[in-house]
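[1] Sequence first, predicted coordinates after that:
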Amino acid sequence: MTNPAEIWSYLASQPLLWLCATLFAYWVGDAVFRATKRQPYANPVAIAVILLGTVLWLSDTPYEAYFEGAQFVHFMLGPATVCLAVPLYANRNEVRRTWKPILAALVVGSTTAIFSALAIAWALGADHELLATLAPKSATAPVAIGISEAMGGQPTLTAALVLLTGIIGAIIVTPLLNLFGFRDWRARGLATGVAAHGIGTARAFQVHEQAGAFASIGMGLNAVLTALIAPWALSFFS
């Protein structure tokens with residue numbers, strides 16, 4: 001009779017298993033999200049991360065083995081980011097009319113995100129490697145990983161911090177903006193995209209189409225600006 005442990009060992013070594021597990025975990029997260037009528041606390045990405053993390057922990061599966069199967073999803077992050085040019089083009093007239101406040105909000109938001117993370121980490125005694133890892137946390141994952149690696153950080157940890165930043169942002173952004181009385185969907189979306197990149201942008205699209213469009217604009221432009229500001233900001237703390 002076949003040992004169940006041997007069956008699991010065989011399945012765990014197959015890349016397709018972890019790709020299917022990733023997609024299934026997100027499907028469960030999305031189902032819970034819909035069941036709660038899209039409440040921000042039931043973020044599907046957060047639920048998927050918890051489910052996958054639990055499975056990997058219980059099965060004692062190393063990240064490298066998991067990534068062998070999930071790397072296709074990782075690969076698609078790049079094309080998905082490029083596709084955000086579509087809402088930018090669709091809203092080009094509105095962007096032309098409001099380019100000054102967009103630019104001001106972008107510079108302030110990006111600079112604050114980078115310097116605040118660096119200042120807090122530096123005050124707590126973080127070394128150069130950790131500071132370089134933290135600096136691009138508010139940029140979208142493909143860009144943040146590249147920036148971190150170029151500055152001497154840990155790309156894998158940067159990816160985890162990017163994910164955490166996006167999840168927290170997506171959960172708190174709607175109630176926080178409601179609390180402060182922001183009603184302009186353009187402003188709400190831009191702030192979300194700058195602060196919480198792709199996960200926040202997905203949340204913005206769920207709330208309002210225009211908010212989602214401006215969130216994608218904020219995310220894309222913030223990625224470019226972070227690549228320029230992060231190395232300069234890091235020099236102040238090294």
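    That came in fine, so what should we check first?

[2] contacts, neighbours, all on C-alpha from now
    Fine.

[3] how far away is residue 76 from residue 150?
    According to CA to CA, to the nearest Å, residue 76 stands 22 Å off from residue 150.

[4] Hmm, I typed the wrong one, I wanted residue 142.
    For residue 142 relative to residue 150 (CA to CA), the value is 13 Å.

[5] between the two, which one's more packed in?
    residue 142 (19 against 14; other CA atoms under 10 Å).

[6] What helix or strand is the more buried one located in?
    Residue 142 belongs to helix 141-151 when assigned by DSSP states H and E.

[7] Low-confidence ranges, this structure, go.
    For the chain, residues meeting the criterion pLDDT under 70 lie at 1-15, 74, 77-78, 81, 84.

[8] Domain map for it?
    1-75, 83-238 (automatic domain parsing).

[9] Out of these, indicate the one that is most buried.
    domain 83-238 (a mean of 20; mean count of other CA atoms under 10 Å).

[10] How far does that domain sit from its chain's centre?
    9 Å (CA atoms, centre = their mean, to the nearest Å).

[11] just checking, what packs against the host helix or strand of residue 24?
    If you go by DSSP H and E, residue 24 is part of helix 15-35. For helix 15-35, the elements it packs on are helix 44-59, helix 63-75, judged by 3 or more CA pairs under 8 Å, 6 or more residues apart in numbering; DSSP states H and E.

[12] Any idea which of those gets closest to residue 205?
    Residue 205 lies closest to helix 44-59 among the helices and strands packed on helix 15-35, at 14.1 Å (CA to CA).

[13] now the closest one: how far from the chain's centre is it?
    On CA atoms, centre = their mean, the centre of helix 44-59 falls 17 Å from that of its chain.

[14] can you give me the angle that helix makes with helix 63-75?
    160 degrees (axes from the mean of the first three to the mean of the last three CA atoms, to 10 degrees).

[15] ok so, going back, I'd like to check the angle between the helix holding residue 24 and helix 63-75, please.
    60 degrees.

[16] what residues does helix 15-35 touch?
    With CA atoms under 8 Å, 6 or more residues apart in numbering as the test, helix 15-35 has contacts from 11-12, 39, 42-49, 51-52, 65-70, 72-73.
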